[in-house]
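> Quick one, structure for this:
(3 chains)
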Amino acid sequence: MNEFAAAWPALALSLKVALWASGITLVLGTALGYLLARGRFPGRELLDTLLTLPMVLPPTVLGYYLLVLISRRSALGGWLDATFDVQLVFTWQAAVIAATVVTLPLVFKPARTAFEGVDHRVEAAARTLGLPDWAVFLRVTLPLAWPAILAGLLLAFARAMGEFGATLMVAGSIPGQTQTLSAAIYDAVQAGQDDRALFLVLVMSVVCLAVLLAAGRLRTSASGMTR
Amino acid sequence: MIDSAPRIDVVLRTTLQAGPRRFTLDVSLQSARDRLVIFGPSGSGKTLLLNAIAGLVRPESGHVRLAGRTLFDSACGVDLPARKRRLGVVFQDYALFPHLDVRQNVGFGLSAGLRNPRRRDRDPQVEGWIARLGLAPVAHQYPHQLSGGQRQRVAVARALVADPEALLLDEPFAALDPALREELRIELDILQRALGIPLLLVSHDVADAETLRADTVHLAIANGVGRSRTEA
Amino acid sequence: MPRRHLRASVLLLFLIGLPVAATELTVSAAASLGGAFADLAERFEAAHPEHEIRLNLGGSGALLQQIRAGAPVDVFASADGETMDRAIAEGLVDARQRHDIARNTLVLAIPADAAVLPTDLATLADPRIRRIAIGQPDAVPAGRYAREALQSARLWEALAPRLVPAQNVRQALDYVARGEVDAAFVYATDLTLQPGRVKRAFAVRVATPIRYPIAPVTDSREPGTARTFVEFVRSAEGQAILRRHGFLPP
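A predicted model of the protein is given here:
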């Protein structure tokens, strides 16, 4: 029981980062999916490709780009430091940024496909029935695209829980502050603390299993509605 | 002198470009009576015409007047958006909302707000139309569980529940067998007489015009232009 | 193709094919030995063309973990005696073959353009020093030395919230060179790696001298070559190379 108390900070941090990242990815991913599905603007496919890049880049490469982007000596990081006295590197917020960037493709890509697949005539019907465009989106388009977005979101959450490489570069592994469960496992192995490593691995496995099970239940009920 | 302003008055001219293909719609339809059936082969622009009347597509020039209301007039700069035209539209393939049951589909247009009607809501108007069109046994079912005829009735009920000022139907009986078609035609006939609103129906079945005793317009396509010829 | 050209090509191919037949020696060395061992490997290969050195760098703890897990390592050089002691206790290296090859100093490094210049451990308490990089004390010897020094100065608890653990001492150096931390505990030998971006604030007195032991790995497949390499590192030539990189004699 004492071991669990020791593992709790890392687990709590992993959950916090994963929940925040999933929340941001849900909103941003859905919006981007819609923009890419319905928008007609030059560079649309280029934008899609750029946003998909984090999925194929090695974690260390991605981590390096992020580090360069938000470090104190960069344009953005320097501005944040000077204006708000905010240093993102080595904070849990940096971990959220890394997790968000990595999981965004997992949501916006299925969202785009889902939005492209919504029958335009059904939306037209809603408009003839008196609905303004935003109501058509909320009551018709989004509910029809939702099961696919939800499936992507659950994958994103699981991925965010396990995110390690890029996170390590921008947030480090500070126990109690930025040491997620994945990082704690890595550190325990490096320090030769095999018992602790094994325990943490088991905790992580149980949590992931629980998420997968919950995901299965959610998906069945969500897609049941659209049948 | 009796006021002889036509109940249905549609004059439209518009050109669509899709890659190398160009299509021009050039129609003029008037009817002093309440019923008009629009015939034409595929590709003659029937659906485009209906979409333009419904406000889903904006034509380049012309005007649309139904039952005394001007919905579109390029000369005066009038162009009511689809949601304000108060038309009941029944689409080809019905375009029912797959994520809502029959009752929710029918009641959809009663609220223009954020939320869909809930499954357990019971609105008297909705219930009335469901009963009238014989949909009570399937009111809780989803579109994919219904037969073609049932879906068509749901589409009609949905279009009529919000008290529209005219009814537009795009080949509403095309997917049904002949016996069912005649049955639904008669139903439509009774409905329209009861409601007293103009009825525009796009079809390629002459039986529609016959049973409904409607005025007819023919669209013909030649050299990428769909034109209308009226036969009273 | 004329016959003599053909013969020359075949000979060339044969010579190019030779290194494939050479023996390969895997040397796991602590990160702080990286630069010196790269030079040592090069000199060794020049003197013994039949051998090829594969250099594997990392935190001493991680390297030991790899050997423990059965990685095919022939020579192990760690940044502290304690990790080597553990290796001996687990039977991974032979105690009789262990030798110290160099000594190092622990220093506190700061960014070259730092506004705050601490002069000793106590002055680290300055609130303007917000983050201090340190190697993971449980896995990185430099971190452990730093922790011991802070604990004996009774500053460990006070400074703990500001410490940023790094995976190895090079990463700690990178953090301070980048300006992401205000100070870092690194080796004196590391300072030369980032000349314009970091500078030494002060040397840290440590209880145990920082000695680098080296030993051939018991399960090595090339025990003879491993011993030869260790001898080379201990020789005058090897020691000269280490000196050039800033290490002190053992």
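
> helix/strand/coil for residue B:44?
With DSSP: H, G, I helix; E, B strand; the rest coil as the basis, residue B:44 sits in coil.

> So which elements touch the helix ranked longest in chain A?
Across chain A, the longest stretch assigned as helix under DSSP state H is helix A:2-38. Here helix A:2-38 touches helix A:44-56, helix A:92-117, helix A:142-162, helix A:181-190, helix A:194-226, going by 3 or more CB pairs under 8 Å, 6 or more residues apart in numbering or on different chains; DSSP states H and E. C-betas here are computed from N, CA, C, even on glycine.

> which stretch among those comes nearest chain C?
Chain C lies closest, by CB to the nearest CB, to one member of the helices and strands packed on helix A:2-38: helix A:181-190, at 4.1 Å.

> any idea how far the closest one is from the chain center?
Here helix A:181-190 is found 21 Å from its chain centre; the criterion is CA atoms, centre = their mean, to the nearest Å.

> Kindly report the same for stretch B:124-133.
Remark: stretch B:124-133 is offset 20 Å from the chain centroid, using CA atoms, centre = their mean.

> One more: stretch A:12-25?
The chain centroid and the centroid of stretch A:12-25 are separated by 7 Å under CA atoms, centre = their mean.

> and stretch C:63-73, C-alpha only, in PDB?
Only the C-alpha atoms of stretch C:63-73 are listed here, as PDB (Å, rounded to 0.1, in the frame of the first residue of the first chain):
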ATOM      1  CA  LEU C  63      25.100   1.200 -18.800                       C
ATOM      2  CA  LEU C  64      25.300  -1.200 -15.800                       C
ATOM      3  CA  GLN C  65      21.600  -2.100 -16.400                       C
ATOM      4  CA  GLN C  66      22.400  -3.000 -20.000                       C
ATOM      5  CA  ILE C  67      25.300  -5.300 -19.000                       C
ATOM      6  CA  ARG C  68      23.100  -6.800 -16.300                       C
ATOM      7  CA  ALA C  69      20.500  -7.600 -18.900                       C
ATOM      8  CA  GLY C  70      23.100  -9.400 -21.000                       C
ATOM      9  CA  ALA C  71      24.100  -6.800 -23.600                       C
ATOM     10  CA  PRO C  72      27.200  -7.900 -25.400                       C
ATOM     11  CA  VAL C  73      29.600  -5.400 -23.800                       C
END
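
> That one - what's its average pLDDT?
Confidence over stretch C:63-73 (mean pLDDT, whole number) is 91.

> Is that stretch positioned near chain A?
Yes: against chain A, stretch C:63-73 shows contacts by CB under 8 Å from any CB of the partner chain at C:64-65, C:68.

> Out of those, grab the one that's most surrounded.
For these, the largest number of neighbours (other CB atoms under 10 Å in any protein chain shown) sits with residue C:64, at 25 neighbours.

> any idea which element residue B:24 lies in?
strand B:21-31 (DSSP states H and E).

> Let me see the confidence value for the closest residue to chain B within chain C.
With CB to the nearest CB, the shortest gap between chain C and chain B falls at residue C:180, namely 45.8 Å. With respect to pLDDT, residue C:180 has a value of 91.

> For it, which non-adjacent residue is closest in space?
residue A:89 (4.7 Å; CB to CB, 6 or more residues apart in numbering or on different chains).

> circling back to that earlier point, output the helices and strands packed on helix A:2-38 as CSV; include the columns mean pLDDT.
Below are the helices and strands packed on helix A:2-38 laid out as CSV (pLDDT from 0 to 100):
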stretch, mean pLDDT
helix A:44-56, 94
helix A:92-117, 96
helix A:142-162, 92
helix A:181-190, 90
helix A:194-226, 80
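
> how about TSV for these, with distance to chain C and mean neighbour count added?
As requested, the helices and strands packed on helix A:2-38 are exported to TSV (distance: least, CB to the nearest CB, whole Å; neighbours: other CB atoms under 10 Å in any protein chain shown):
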stretch	distance to chain C	mean neighbour count
helix A:44-56	22	13
helix A:92-117	10	23
helix A:142-162	18	21
helix A:181-190	4	23
helix A:194-226	9	14
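
> Throw those into a markdown table and include distance to chain B, thanks.
Formatted as a markdown table, the helices and strands packed on helix A:2-38 follow (distance: least, CB to the nearest CB, whole Å):
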| stretch | distance to chain B |
| --- | --- |
| helix A:44-56 | 18 |
| helix A:92-117 | 12 |
| helix A:142-162 | 5 |
| helix A:181-190 | 37 |
| helix A:194-226 | 5 |
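
> so is the residue in chain C positioned nearest to chain A in a helix, a strand, or just coil?
Closest contact between chain C and chain A, by CB to the nearest CB, is at residue C:138 (3.4 Å). Counting by three-state DSSP, the backbone at residue C:138 sits in coil.

> List the contacts of it.
By CB atoms under 8 Å, 6 or more residues apart in numbering or on different chains, the contact list for residue C:138 reads A:187, A:190-193, C:61, C:144.

> Using PyMOL, define a selection of the buried residues within these.
Paste this into PyMOL to select the buried members of those, with burial taken from 16 or more other CB atoms under 10 Å in any protein chain shown:
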select buried, (chain A and resi 187+190+191+192+193) or (chain C and resi 61+144)
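
> Which of the contacts of residue C:138 sits closest to residue C:82?
Proximity of the contacts of residue C:138 to residue C:82, judged by CB to CB, is greatest for residue C:144, which lies at 7.3 Å.

> so which strand or helix has the closest one?
Under the criterion of DSSP H and E, residue C:144 resides in helix C:141-152.

> tell me what the one helix or strand residue C:165 maps to is packed against?
Under the criterion of DSSP H and E, residue C:165 resides in strand C:163-166. In this structure, strand C:163-166 packs against strand C:132-135, helix C:169-178, with contacts taken as 3+ CB pairs under 8 Å, 6+ apart.

> Dump those to JSON lines, plus mean neighbour count and distance to residue A:27.
JSON lines is the format used below for these (neighbours: other CB atoms under 10 Å in any protein chain shown; distance: least, CB to CB, whole Å):
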{"stretch": "strand C:132-135", "mean neighbour count": "28", "distance to residue A:27": "35"}
{"stretch": "helix C:169-178", "mean neighbour count": "25", "distance to residue A:27": "32"}
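
> Looking at these, which is nearest to residue A:17?
helix C:169-178 (20.7 Å).

> Dump that closest one to CSV, restricted to CA.
Written as CSV, here are the backbone C-alpha positions of helix C:169-178 (Å, rounded to 0.1, in the frame of the first residue of the first chain):
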residue,chain,number,x,y,z
VAL,C,169,25.5,14.8,-17.1
ARG,C,170,25.6,15.8,-20.7
GLN,C,171,21.9,16.6,-20.6
ALA,C,172,22.5,18.7,-17.5
LEU,C,173,25.1,20.6,-19.4
ASP,C,174,22.8,21.1,-22.3
TYR,C,175,20.1,22.5,-20.0
VAL,C,176,22.4,25.1,-18.6
ALA,C,177,24.0,25.9,-22.0
ARG,C,178,20.5,26.5,-23.3
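
> Which other helices and strands does whichever helix or strand comes after it contact?
Once the chain leaves helix C:169-178, the next helix or strand it forms, by DSSP H and E, is strand C:183-187. When contacts are defined as 3+ CB pairs under 8 Å, 6+ apart, strand C:183-187 packs onto strand C:106-111, strand C:132-135, helix C:141-152, helix C:169-178, strand C:198-204.

> With distance to chain B as extra columns, can I get the ones you listed in JSON lines?
Formatted as JSON lines, these follow (distance: least, CB to the nearest CB, whole Å):
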{"stretch": "strand C:106-111", "distance to chain B": "54"}
{"stretch": "strand C:132-135", "distance to chain B": "51"}
{"stretch": "helix C:141-152", "distance to chain B": "56"}
{"stretch": "helix C:169-178", "distance to chain B": "49"}
{"stretch": "strand C:198-204", "distance to chain B": "58"}
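
> I'm done for today, thanks for sticking with me.
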